[in-house]
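Asker: after the sequence you'll find the predicted model.
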Amino acid sequence: MTLYRSTRILLASAALTAFTGPAFALDGQDLLKKINAAFATGGTTITADAIEVSGSDVLLKGVKFGVDGQPAEKPLALEQLTLEGVSEEEGGAYFIERVEFPEVNVTEEKSSFKVQDLYLAGVYVPGDANAEGIDSLMFYEEAHSGPVEVTVDGKPVFSMAEAVGTMGLSDDESTITFEGSVTGVKADLSTVEDPQAKAQIEALGLTTLDGNMNMSGSWEVESGTIDIEDYSIDFANVGKLSLAFSMSGYTLDLVKQMQEQARMMQAQPQNEQAQQAAGLAMLGLVQQLSLVDAQIRFEDAGITKRGLDYAGKSQGTDGAQMAQMVKGMLPILLAQAKLGAIQNEISAAVNTYIDDPKALTIAAAPANPVAFPMIMGAAMGAPETIPGLIGLKVTAND
């Protein structure tokens, strides 16, 4: 199985053209059944009042998306869902060239929510969701959303220009790559009614927000190494927060076990004992993971100075004095945290950043992957060992 299977699609199309006939008609019921099987571990169920097949297209009418264990929740309903260019592949799998979603336009009381140009492209539906390896997973080559608009009392409070996500598969089918971006994110916080919150928002210059989000990474399925190269949120006049990390042990088997535990928790939301048991089981599964490396970085675009000015004003002083107070208090707080020798490094980095806010970076780069149970044990019993255990470094303006 390959995600980008153009050659195989062409061959399949040629074969279907050569042998077209009633015996080779698409089975819409089987397609929906296998889509549900792929979604089952996530607790999502899709139903349709009617399924119509026309050539290589499948039309689902009266579609409802429900969540297992949430009978009181009203399912998401769509008038219809169009699956274009559907072809059956070996092993009973399906490939869908494009899934077209209708425009979403919902109005409730004083609020409205509108989404346009929703679609999935290059969707692979596994023939057996319980198969071994990558062949058991559902993929898409592209997920797309056009403009999103949210209004309250007729006034726009949130909007987004576009969101795009893509997935790919390496030639040897060992690694899944993924990228995503959200552009033109705008939020209007001037409508906040609470006087205190409104004053804070205005003082921090957050009345309007304008930014973007990006993500990229890869997952080596067999080894279980997942690498998030970049997960960033960037807002104008605020700053850019970036996260990157890599961990091992995130195997397909672990993913399915975690999904199963999540499904069990959803199925018995009122059963406290079941929730606790599933929570402990989930914690046990997480212990199979190991940290390879991680980094958190913030690049300032003005929010730090405004934050210090606001904090200083609330204490009856100014931003410059508040900066000195923070620098004076930090060593005391770090001493209470018992982080050992790295306390001086952190203090120096924070002092440099406060004096000239540009960037602050926290990075972990252990010599070898460190199991999460070791990190959790150190945090509870010997926090001063954590910096050395995970290779912690804190730098500023680099």
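Answerer: Sure, I can see it.
Asker: now the biggest helix by length in the chain, how far from the centre of its chain.
Answerer: As assigned by DSSP state H, the longest helix anywhere in the chain is helix 319-337. Centroid separation for helix 319-337 versus its chain: 34 Å, with Cα atoms, centre = their mean, to the nearest Å.
Asker: next helix or strand past it?
Answerer: helix 342-355 (DSSP states H and E).
Asker: hang on, the earlier thing: list the buried ones in the longest helix of the chain?
Answerer: 319, 322-323, 326, 330, 334 (16 or more other Cβ atoms under 10 Å). (Each C-beta comes from the backbone N, C-alpha and C, glycine too.)
Asker: got the contact list for the helix or strand harbouring Asp30?
Answerer: Per DSSP H and E, Asp30 falls inside helix 28-39. Residues from elsewhere that reach helix 28-39 (Cβ atoms under 8 Å, 6 or more residues apart in numbering): 45-46, 48, 51-53, 58, 60, 83, 86, 92-94, 125-129, 137-138.
Asker: now do 10 Å
Answerer: 27, 44-48, 50-53, 57-60, 63, 65, 68, 81, 83, 86, 88, 92-94, 96, 99, 123-130, 136-139 (Cβ atoms under 10 Å, 6 or more residues apart in numbering).
Asker: the very next helix or strand once past it vs helix 28-39, what angle?
Answerer: For helix 28-39, the following helix or strand on the C-terminal side (DSSP H and E) is strand 44-54. Here the directions of strand 44-54 and helix 28-39 differ by 150 degrees (axes from the mean of the first three to the mean of the last three Cα atoms, to 10 degrees).
Asker: describe which strands the helix or strand following strand 44-54 pairs with in its sheet and in which direction.
Answerer: Remark: after strand 44-54, the chain's next helix or strand is strand 57-67, criterion DSSP H and E. With DSSP bridges as the test, strand 57-67 is paired with strand 44-54 (antiparallel), strand 76-88 (antiparallel).
Asker: please save the CA atoms from strand 57-67 in PDB.
Answerer: These are the backbone C-alpha positions of strand 57-67, laid out as PDB (Å, rounded to 0.1, in the frame of the first residue of the first chain):
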ATOM      1  CA  ASP A  57     -19.100   8.300  -7.300                       C
ATOM      2  CA  VAL A  58     -20.900   7.500  -4.100                       C
ATOM      3  CA  LEU A  59     -23.400   9.800  -2.600                       C
ATOM      4  CA  LEU A  60     -24.300   9.500   1.100                       C
ATOM      5  CA  LYS A  61     -27.600  11.200   2.000                       C
ATOM      6  CA  GLY A  62     -28.900  12.100   5.500                       C
ATOM      7  CA  VAL A  63     -25.400  11.600   7.000                       C
ATOM      8  CA  LYS A  64     -25.000  11.700  10.800                       C
ATOM      9  CA  PHE A  65     -21.700  11.700  12.700                       C
ATOM     10  CA  GLY A  66     -22.100  10.300  16.200                       C
ATOM     11  CA  VAL A  67     -19.800   9.600  19.200                       C
END
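Asker: tell me the buried residues in it?
Answerer: 57-60, 63, 66-67.
Asker: show me which of the residues you listed is closest to Ser248.
Answerer: Nearest to Ser248 among the buried residues of strand 57-67 is Val67, at 31.2 Å by Cβ to Cβ.
Asker: check the gap between that closest one and Ala77 for me.
Answerer: The gap separating Val67 from Ala77 is 13 Å, by Cβ to Cβ, to the nearest Å.
Asker: Tyr124 now?
Answerer: When Tyr124 is compared with Ala77 (using Cβ to Cβ), they lie 26 Å apart.
Asker: thinking again about what came up before, need the buried residues of helix 319-337 in TSV (columns: distance to Tyr353).
Answerer: Listed next are those as TSV, based on distance: Cβ to Cβ, whole Å:
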residue	distance to Tyr353
Gly319	14
Met322	14
Ala323	10
Val326	10
Leu330	11
Leu334	15
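Asker: make a markdown table from these and add distance to Val182 and pLDDT to it.
Answerer: Converted to a markdown table, those look like this (distance: Cβ to Cβ, whole Å; pLDDT from 0 to 100):
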| residue | distance to Val182 | pLDDT |
| --- | --- | --- |
| Gly319 | 32 | 93 |
| Met322 | 34 | 95 |
| Ala323 | 33 | 94 |
| Val326 | 33 | 93 |
| Leu330 | 34 | 92 |
| Leu334 | 36 | 89 |
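Asker: find me the pLDDT at Val63, would you?
Answerer: As predicted, Val63 sits at a pLDDT of 91.
Asker: surely it touches Val99?
Answerer: No - counting by Cβ atoms under 10 Å, Val63 does not reach Val99; the two are 11.1 Å apart.
Asker: overlap in contacts, the two.
Answerer: With Cβ under 10 Å, 6+ apart as the test, Val63 and Val99 both reach Leu81.
Asker: residues contacting Gln321?
Answerer: Contacts of Gln321 (Cβ under 10 Å, 6+ apart): 308, 312, 315.
Asker: again, only this time at 6 Å
Answerer: Gly312 (Cβ atoms under 6 Å, 6 or more residues apart in numbering).
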